[in-house]
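**Student:** Fold the stuff below for me.
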Amino acid sequence: MKNFAKFLLFVLLISAGISLLYDYRLKHGELRFSSKRAAENYTLASDPSVDSKQIASLEALNRERRALVKSILPSVVAVKTSKKIGIRRDYGLDPFEFFFGNRQRR
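**Tutor:** Below you'll find the predicted structure:
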């Protein structure tokens, strides 16, 4: 409990020090917060950035990709196998056997 109180005192002192330093720098002009922001200027594009010919070719490419995926998708196969192998330990005491007994003898 004594160490926890020391830690809280340390955190309190560090926090007070940082607050005092911040206030000092703010009052003496070293920290400046501008309340006035410059207005951002935006200009609209006069021409579209994508050509209509490119859109047609991209659509054709997308159709070809869809056809390719549809033809390949049924051929993808995933196979997973597993097999349990029982191993009898001949050395030392088996913890499972100690708590639950030997179920293989039944």
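**Student:** And the residue nearest the centre of the protein?
**Tutor:** Ala78 (28.3 Å; C-alpha atoms, centre = their mean).
**Student:** Next up, the contacts around that one.
**Tutor:** Residues near Ala78 by C-beta atoms under 8 Å, 6 or more residues apart in numbering: none. For the C-beta atoms, the positions are set from N, CA and C on the backbone; glycine is no exception.
**Student:** before we move on, which element is Leu68 in?
**Tutor:** If you go by DSSP states H and E, Leu68 is part of helix 52-72.
**Student:** With Ile87 instead?
**Tutor:** With DSSP H and E as criterion, Ile87 is part of no helix or strand.
**Student:** Please apply the same query to Val11.
**Tutor:** Going by DSSP H and E, Val11 is part of helix 2-27.
**Student:** For that helix, which helices and strands make contact with it?
**Tutor:** Contacting helix 2-27 under the criterion 3 or more C-beta pairs under 8 Å, 6 or more residues apart in numbering; DSSP states H and E is no other helix or strand.
**Student:** Run the chain-centre distance for it.
**Tutor:** A distance of 34 Å separates the centroid of the chain from that of helix 2-27, by C-alpha atoms, centre = their mean, to the nearest Å.
**Student:** on that earlier part again, flag every buried residue along the helix holding Leu68.
**Tutor:** Across helix 52-72, burial judged by 16 or more other C-beta atoms under 10 Å covers no residue at all.
**Student:** Which is the succeeding secondary structure element to that helix?
**Tutor:** helix 95-100.
**Student:** And the contacts of that next one?
**Tutor:** Contacts for helix 95-100 (C-beta under 8 Å, 6+ apart): none.
**Student:** Return the set of buried residues in that helix.
**Tutor:** So for helix 95-100, nothing qualifies as buried (16+ other C-beta under 10 Å).
**Student:** for stretch 72-79, same thing?
**Tutor:** Quick answer for stretch 72-79: no buried residues (16+ other C-beta under 10 Å).
**Student:** Could you list the low-pLDDT ranges of the protein?
**Tutor:** 31-38, 74, 76, 88-94, 98, 102-106 (pLDDT under 70).
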